[in-house]
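In: A predicted structure for the sequence below; I have some questions about it.
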There are 2 protein chains.
Amino acid sequence: MDMLIVPIDREGGGPIYGQIYEGIRRKITDGSLAVGSKLPSKRKFADTLGVSNTTVELAYGQLLAEGYISSRPRSGFFVQDVGELAYALPVVIPAAGPAPAPRTGDGFRYDFSPGRIDTESFPFDAWRKQAKSVIDESSADLLLLGHPHGEAELRREIALYLNHSRGVSCTPEQIIIGSGTEQLMPLVIRLLGADTIYAIEDPGYPLTHHIFRQNDRRAIPVPVDGEGIRVELLGETGADAAYVTPAHQFPTGAVLSAHRRTQLLSWAAEKPGRYVIEDDYDSEFRYGGIPVPALQGMDPNGRVLYISTFSKSLMPSLRIAYMVLPRQLLPRYRELFAHYASTVPRFDQQILAGFMRDGAFSRHLNRMRKVYRRKYTALTGALGQYSRRISFEGSQAGMHLRLAVVTDRTEEELVELAGQDGIRVQSAGSYSVVRSRPEGNPEIVLGFGGVPATGIPEAVRRLMDCWEIEKDGEA
Amino acid sequence: MDMLIVPIDREGGGPIYGQIYEGIRRKITDGSLAVGSKLPSKRKFADTLGVSNTTVELAYGQLLAEGYISSRPRSGFFVQDVGELAYALPVVIPAAGPAPAPRTGDGFRYDFSPGRIDTESFPFDAWRKQAKSVIDESSADLLLLGHPHGEAELRREIALYLNHSRGVSCTPEQIIIGSGTEQLMPLVIRLLGADTIYAIEDPGYPLTHHIFRQNDRRAIPVPVDGEGIRVELLGETGADAAYVTPAHQFPTGAVLSAHRRTQLLSWAAEKPGRYVIEDDYDSEFRYGGIPVPALQGMDPNGRVLYISTFSKSLMPSLRIAYMVLPRQLLPRYRELFAHYASTVPRFDQQILAGFMRDGAFSRHLNRMRKVYRRKYTALTGALGQYSRRISFEGSQAGMHLRLAVVTDRTEEELVELAGQDGIRVQSAGSYSVVRSRPEGNPEIVLGFGGVPATGIPEAVRRLMDCWEIEKDGEA
DNA sequence: GGGTATTTGTCCGTATGTATG
DNA sequence: TCATACATACGGACAAATACC
């Protein structure tokens, strides 16, 4: 056997044993060391390399643990057959790139995507405090699975919040914590059975439509007007369940009118097995008028499944949402999903529970209401200067606005033009289920959550410039 | 020398070395450790207790200084004759602490449920370190949604780990991070299309069967024997995809034999559209023989979907799992799930990525391997004393064992009897799809992950007592 | 071919640097 | 600064395997 050498860098190369391990591993995987061949003995190799035999021992031990070599006691170490490496070479993974791309909104100067939130006013300190306290006080117990419906502490805080602030009437037992609408909705779909037909808002939240389709459920689009979904059309659809966003319809921004609310609840009560799925995704933010209480609280019959999320009110990356089930559905839910564990990490649930318990969540909401109100007024103010060509409905809520633009261009062209100028916007048409607007003006959805209030005037000016829309007084 | 054990409390029990010192001192003074007998070597003891060499060294140094033991260089430490010196030493008075909450796992004294892990050896410090660094350095950017397939940093670390520790050949682009098998499998099911028929192991992992059923997919049970799933029967099933646990079959513990691996991969390659779903849930833990490389790495044709989780290797409550998709399925995956966001909080993903990058994960795995090996040997050792009535296969892997018990009782009766005595066990029959064992001895699955090694002998004794099974020598 | 010297893996005690709080 | 814990590295003792006479 000729002499095996691996280069050793005693300074910056990391642990010596690691370098030895790595050198040998490479020689084995690239075939320089034949299967079955004997490695130098620990002592010999240690002498050759000028290190102690324990160092070599550590390296050999590592290789042994990973199955690259085998040890025959008092004989030596031998290269193992690490498999048919001929056609399954380990992939070389590039070193961790340097700066992970500054992420300036994917290259957009202003990003009006709905779903983006304000990141400047997040109470990092309060959140960190909770996180540290949860992590520091974490007992071994927190490693094990928690309650399948979510941590009791968090469900309690959510129940308190819902009762006080949203007019939702529920106990912690009715609450199911999940990772988001896209995770909770399939559960709802299975809970309501395979034969249920759903009515959905058109235009509406596209992800939900997607979910119905992917779960092989029928979803009938029902038109939306200024008062929200046209409840009077529900009867014709043959639907058993209606998915609605009463507080602030997406994307039109309409608030479901009181009359239609009553209508909707009566529709649900008419037949056994009918349900309303109330998605209350951004109800926390209203900038004028009275807060719209949840539909769920107006329903004496337990026909409303209430579903909401912390994506808008805290951060999208947290991935915590929840739903409130009517009591009569609980037994069936438990039966169906007896084997399921909660999909949300317990640490995060505990952090959030603490955050709410401390009152940090309500303080945060109060602050954010002001922040978003400023953005809202800045946006409506800026847009108001173009009222000859731009119209929008001011529902004074949420984090998005829908514009109608008087122009010859199509929605797609407007989106494209804005994009070329570094401004991301979405066409309203992309949220339509039934594409039924070749006539009428093109419409654009502006999500203002992620745009700094100070930048909004400029953003609007650039937008109008690139769409060649002049101010009311000009031209 | 039989194993010396001292209880260690990592949280409130004060310095570890002090606890070790105190434990040994007591054993010496009360005579449990005979004069002249050899203490475990520092390394061995450190391994046994799951602490570092130096920690034991401190304890031994203290005992040495106080004359309880003597050191013979390069031989070991030996118990000195301390005579009646014992009671002259200061007595340690236990801190007043509030009743330390027995926490006996839902009222069970010993919980042999599979899926439970060891919580005593979790590296809280390393985890906390990462968590704090992520939280402290978190920029506002981390509040927004991340990559839908999971954080790039984490996918990179997983790819590195899989390539060099599991023989899985993949790049980060192939990896999808999810909240668990129950969240990832439905994606797989939709990815492979509505018409796919699945072959599943019988007996097998019940949750997966559940998922197939709830997603309206056909799943054909295929029997499992000592070499794993009977691949030769796959052809008859008409299945297009096979869900298997090759590294350590659940619940039988069988390792899929080399021959069947080849067979399985050829079966998959035979027809276009055939796939193998490899669930590698607890492959990290093998206590003897060579580590079984993943099937995925042996497959040149891209027919294996590899799926695994951190539930066993870190903690179930973290809710992070991942899958590796064959390259040719990536376009379809992106198309189908374009609208989906990752369901795992970004904070947790970043923490885990840092934990892996630091090497803390591999260290943890190495330590846990030792911990579980101890439990495994303790369990097999204890059970070995009842070999006339109890048989089991020692696959030297994973965190569970399957026993066959010679008795007139049914599996249910055995489970019930154990439960009455505060011991939770599961019947093997509960994992069968086709109930086909009225004949034959009842079988029990013991998950030893969550039972302290020190308690295993007693747990087994109690179990045998309540089942009225006598030791080999007795009766 | 049987005894012996050497080689070898394994296990051991020890020392130092570092991170953390 | 100090206590604690760990990773890394050093060199020696031991017994089994091997090579050699």
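Out: Structure received. Predicted, not measured: the structure shown is a model, and the values here were computed from it. Numbering: from 1, shown residues only, chains lettered A, B, ... in the order given.
In: Please enumerate the helices of chain A.
Out: With helices called from DSSP state H, chain A shows them at A:16-29, A:42-49, A:53-65, A:124-137, A:152-161, A:181-191, A:206-214, A:234-237, A:258-270, A:330-336, A:346-357, A:360-384, A:411-420, A:456-466.
In: show me the contacts for the closest residue to A:L192 other than its chain neighbours.
Out: Computed as C-beta to C-beta, 6 or more residues apart in numbering or on different chains, the closest residue to A:L192 that is not its neighbour in sequence is A:A241, at 5.8 Å. From N, CA and C alone the C-beta is placed, and that goes for glycine too. For A:A241, the contact set (C-beta atoms under 8 Å, 6 or more residues apart in numbering or on different chains) comprises A:L192, A:T196, A:I197, A:Y198, A:A199, A:R274, A:Y275, A:V276, A:I277.
In: number of nearby residues for the closest residue to the second one other than its chain neighbours?
Out: In other words, A:T196. Spatial nearest neighbour of A:T196, excluding adjacent residues (C-beta to C-beta, 6+ apart): A:D240 at 4.7 Å. Other residues lying near A:D240 total 19 when counted by other C-beta atoms under 10 Å in any protein chain shown.
In: how long is stretch A:214-232 from one end to the other?
Out: The stretch stretch A:214-232 measures 28 Å between its terminal residues, going by C-alpha to C-alpha, to the nearest Å.
In: ditto for stretch A:402-418
Out: This stretch, stretch A:402-418, spans 15 Å end to end (C-alpha to C-alpha).
In: correct me, but A:D299 touches A:W267?
Out: No. In this structure A:D299 lies outside contact range of A:W267 using C-beta atoms under 8 Å: 11.4 Å.
In: The nearest residue to A:R10 once chain neighbours are set aside: what's it in contact with?
Out: Excluding the flanking residues, the one nearest A:R10 by C-beta to C-beta, 6+ apart is A:I16, at 6.9 Å. A:I16 makes contact with A:I8, A:R10, A:V51, A:T55, according to C-beta under 8 Å, 6+ apart.
In: Can you name the two of these that sit furthest apart?
Out: Distance extremes for these: the farthest pair is A:R10 and A:T55 at 11.2 Å, using C-beta to C-beta.
In: So between the two, which is more surrounded?
Out: A:T55 (21 against 9).
In: Kindly state the pLDDT recorded for that one?
Out: pLDDT, A:T55: 89.
In: Also A:S308?
Out: 96.
In: List the residues that contact it.
Out: A:R166, A:D279, A:D280, A:Y281, A:S283, A:A321, A:Y322, A:M323.
In: Please name the nearest non-neighbouring residue to the first one.
Out: Right, A:R166. In space, and not counting its chain neighbours, A:R166 is closest to A:A294: 4.8 Å by C-beta to C-beta, 6+ apart.
In: what about the one you found, distance to A:L265?
Out: Note on A:A294: its distance to A:L265, by C-beta to C-beta, to the nearest Å, is 12 Å.
In: tally of neighbours for A:I220?
Out: 18.
In: how about stretch A:47-59: buried residues?
Out: The neighbour-count check on stretch A:47-59 (16 or more other C-beta atoms under 10 Å in any protein chain shown) flags A:L49, A:V51, A:T55, A:V56, A:E57, A:L58, A:A59 as buried.
In: swap that for stretch A:238-245, sorry
Out: The neighbour-count check on stretch A:238-245 (16+ other C-beta under 10 Å) flags A:A239, A:D240, A:A241, A:A242, A:Y243, A:V244, A:T245 as buried.
In: then that stretch to PDB, C-alphas only?
Out: Extracted in PDB, the C-alpha atoms of stretch A:238-245 (Å, rounded to 0.1, in the frame of the first residue of the first chain):
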ATOM      1  CA  GLY A 238     -77.800  24.400  -4.900                       C
ATOM      2  CA  ALA A 239     -74.900  25.000  -2.500                       C
ATOM      3  CA  ASP A 240     -74.800  23.600   1.000                       C
ATOM      4  CA  ALA A 241     -72.000  25.900   2.300                       C
ATOM      5  CA  ALA A 242     -70.900  29.400   1.500                       C
ATOM      6  CA  TYR A 243     -67.400  30.700   1.800                       C
ATOM      7  CA  VAL A 244     -67.500  34.400   2.500                       C
ATOM      8  CA  THR A 245     -65.400  37.400   3.600                       C
END
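In: Just the mean pLDDT for it, thanks.
Out: pLDDT averaged over stretch A:238-245 gives 95.
In: Ok, stretch A:170-178 next?
Out: For stretch A:170-178, mean pLDDT rounds to 96.
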